[in-house]
Every structure is written in structure tokens, then in C-alpha cells.
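Peer 1: sequence unknown, structure follows:
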């Protein structure tokens with residue numbers, strides 16, 4: 001198992017999104033905005049941008065460097 005310093009933020013987010021069975025996670029931004037991901041297909045990641053697809057409000061774009069935390073159920077963490 002890799003040390004936490006060896007795992008990039010993007011790798012960890014992808015691991016949470018790919019976890020079987022999927023468990024909802026919440027992405028927190030520097031602005032205080034929170035995005036609850038209830039389906040892994042709600043999130044797409046580019047080189048520096050994340051796209052979040054909200055079922056009722058449409059699409060939101062934000063930069064990866066705006067993310068300050070991703071909350072996930074404890075049993076999903078390594």
C-alpha cells in the first residue's frame with residue numbers, strides 16, 4: 001500500500017468515484033460551496049478543471065485547485 005504522500009489528490013478522488021459499491025462523497029471548495037456526488041457519473045475531470053453535473057441545476061465547472069476536501073464514508077478510506 002502506498003504512503004499517503006505518494007497518492008495524488010486526483011488519484012484519491014478517482015479511487016473514491018470508482019469504489020464498488022459507490023458511496024456518495026461531498027466535494028468542498030475554497031468558496032465554501034459543497035457538491036454532493038450521489039453517482040460517479042456526475043463528475044468529470046480534465047487537466048485542471050472538474051465538471052460537476054447537478055441533476056436539477058445543470059453543469060458547474062471549477063478548478064481542481066479550488067477543492068479543499070472530499071468527504072467520504074470512513075469505510076471507503078484506505
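Peer 2: That came through, no problem. This is a predicted model, so every value here is computed, not measured.
Peer 1: gap between the closest residue in space to residue 31 that isn't next to it in sequence and residue 17?
Peer 2: The shortest distance from residue 31 to any non-neighbouring residue, by CB to CB, 6 or more residues apart in numbering, is to residue 66 (7.0 Å). The way it works is simple: take the backbone N, C-alpha and C, and place the C-beta from them, glycine included. For residue 66, the distance to residue 17 (CB to CB, to the nearest Å) stands at 18 Å.
Peer 1: so which of those two has more stuff around it?
Peer 2: Neighbours were counted for residue 66 and for residue 17 using other CB atoms under 10 Å; residue 17 has more, 19 against 14.
Peer 1: touching, the residue nearest to residue 31 and residue 32? I think so.
Peer 2: No - applying CB atoms under 8 Å, one finds residue 66 not in contact with residue 32, separated by 10.8 Å.
Peer 1: which secondary structure elements does the worst-scoring helix or strand of the chain on mean pLDDT contact?
Peer 2: The helix or strand of the chain with the poorest confidence is helix 9-18; it has a mean of 87 (mean pLDDT, DSSP states H and E). Here helix 9-18 touches strand 43-45, strand 67-71, going by 3 or more CB pairs under 8 Å, 6 or more residues apart in numbering; DSSP states H and E.
Peer 1: which stretch in those strands has the least confidence?
Peer 2: For those, the weakest mean pLDDT is recorded on strand 67-71, namely a mean of 90.
Peer 1: what pairs with that strand, and is each one parallel or antiparallel?
Peer 2: In the sheet, strand 67-71 lines up against strand 25-29 (antiparallel) (DSSP bridges).
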